[in-house]
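>>> How does the following fold in three dimensions:
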Amino acid sequence: MSNTRIWIHFVWATKNREPLLNPTVKAKIIRHIRSNAREKRIAVESIGGGDDHLHVLLMLHPSQSPAQVMQLIKGESSHWMNQNGRSSAYFEWQDEYYAASVDEQSIAIVRHYIANQETHHTSKSIRFNPPRSASHSTE
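Numbers count the residues shown, from 1 in each chain. I've put the predicted structure just below:
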């Protein structure tokens, strides 16, 4: 029996970096993403972000690709937001996303980084700066 653990840190933003994720909207979309991910057998470990982007740490199933997971999360969540009137404006994610593998020893660091996004971005602009512990290129 195989034992595969593929941890990925994803980051994606709202279209044109519009600040559409106020605390209420962000809480709703995070709950929805978690629920949708469970239904699709996507193991979300951590999720958080700012008013214009989200970070997700998850474990890929060996049959999943990063592109498939992003379609299932991003595509479905923007559709849900628009169908259910969850945002005051038309809701769209940017097409692009950031994805990087995370080694097992860095899970706690990435989890902490994601949990502290609001504090992190009070002093830094959002230009995709993931934690140094994992091999990331840009945020």
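>>> What segments of this structure are strands?
With DSSP state E as the criterion, the chain has strands at 6-13, 43-49, 53-60, 98-102.
>>> now the second one and strand 6-13, what's the angle there?
Orientation of strand 43-49 against strand 6-13 (axes from the mean of the first three to the mean of the last three CA atoms, to 10 degrees) gives an angle of 30 degrees.
>>> can you point me to the longest helix in this protein?
Taking DSSP state H as the criterion, the chain has its longest helix at helix 23-39.
>>> For that helix, buried residues please.
25-26, 28-30, 32-33, 36-37 (16 or more other CB atoms under 10 Å). Quick note: C-beta positions are derived from backbone N, CA and C, even for glycine.
>>> just to revisit the earlier point, tell me which of the strands of the chain lies nearest to residue 69.
Closest to residue 69 of those is strand 53-60 (CB to CB; 6.6 Å).
>>> strand partners of that closest one, parallel vs antiparallel please.
strand 6-13 (antiparallel), strand 43-49 (antiparallel) (DSSP bridges).
>>> ok, back up a step: could I get the buried residues of helix 23-39 in a markdown table, plus columns for pLDDT?
Listed next are the buried residues of helix 23-39 as a markdown table, based on pLDDT from 0 to 100:
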| residue | pLDDT |
| --- | --- |
| 25 | 90 |
| 26 | 93 |
| 28 | 92 |
| 29 | 94 |
| 30 | 96 |
| 32 | 95 |
| 33 | 96 |
| 36 | 94 |
| 37 | 95 |
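>>> what would the strands paired with strand 53-60 look like in TSV with mean neighbour count?
Supplementary listing: the strands paired with strand 53-60 in TSV, determined by neighbours: other CB atoms under 10 Å:
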stretch	mean neighbour count
strand 6-13	20
strand 43-49	18
